[in-house]
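>>> what follows is a predicted structure for the sequence shown.
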Amino acid sequence: MIASLSGAIAEKSSSEAVLDVHGVGYRVHFSSLTLSKLPDTGQPARVRIRTVVREDALELFGFLTHAEEEMFLLLTSV
């Protein structure tokens, strides 16, 4: 599983960002609060990642802190 990513912010939208890691762009879903705290496009970032595998999708969810990631795990375990 992917635990973290480090690279440049390639693009941002209202619910996700693309992180360019050595030429590979990873689309990562973020909360709106976390997105607002990410650096500007072109700037470096390091984020914690949770990989969610479903029957029809493989998605990456990103977090800036361990506490935020733990809250995500708690909410998705219900």
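Received, thanks. Numbering: from 1, shown residues only.
>>> which of the helices or strands spans the residue nearest the centre of the chain?
In the chain, the residue lying closest to the centroid (Cα atoms, centre = their mean) is Gly62, at 2.4 Å. Gly62 is part of strand 58-63 when elements are defined by DSSP states H and E.
>>> what's that strand in contact with?
Outside strand 58-63, the residues within contact range by Cβ atoms under 8 Å, 6 or more residues apart in numbering are 2, 5, 17, 19, 26-30, 34, 47-52, 69, 72. Any C-beta I mention is one placed from the backbone N, CA and C, and that applies to glycine too.
>>> all helices of this protein, in order?
Here the chain has its helices, by DSSP state H, at 32-37, 66-76.
>>> can you list those helices in CSV and add mean neighbour count, mean pLDDT and distance to Asp56?
Shown next, in CSV, are the helices of the chain (neighbours: other Cβ atoms under 10 Å; pLDDT from 0 to 100; distance: least, Cβ to Cβ, whole Å):
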stretch, mean neighbour count, mean pLDDT, distance to Asp56
helix 32-37, 12, 94, 25
helix 66-76, 12, 92, 17
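>>> can I get those in a markdown table including distance to Leu58?
What follows is the helices of the chain, written out as a markdown table (distance: least, Cβ to Cβ, whole Å):
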| stretch | distance to Leu58 |
| --- | --- |
| helix 32-37 | 20 |
| helix 66-76 | 15 |
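>>> what lies in contact with stretch 15-22?
In contact with stretch 15-22 (Cβ under 8 Å, 6+ apart) are residues 5-12, 25-30, 32, 35, 38, 45, 47, 62.
>>> the bottom helix or strand of this structure by mean pLDDT?
Ranking every helix and strand in the chain by mean pLDDT, DSSP states H and E puts helix 66-76 at the bottom, with a mean of 92.
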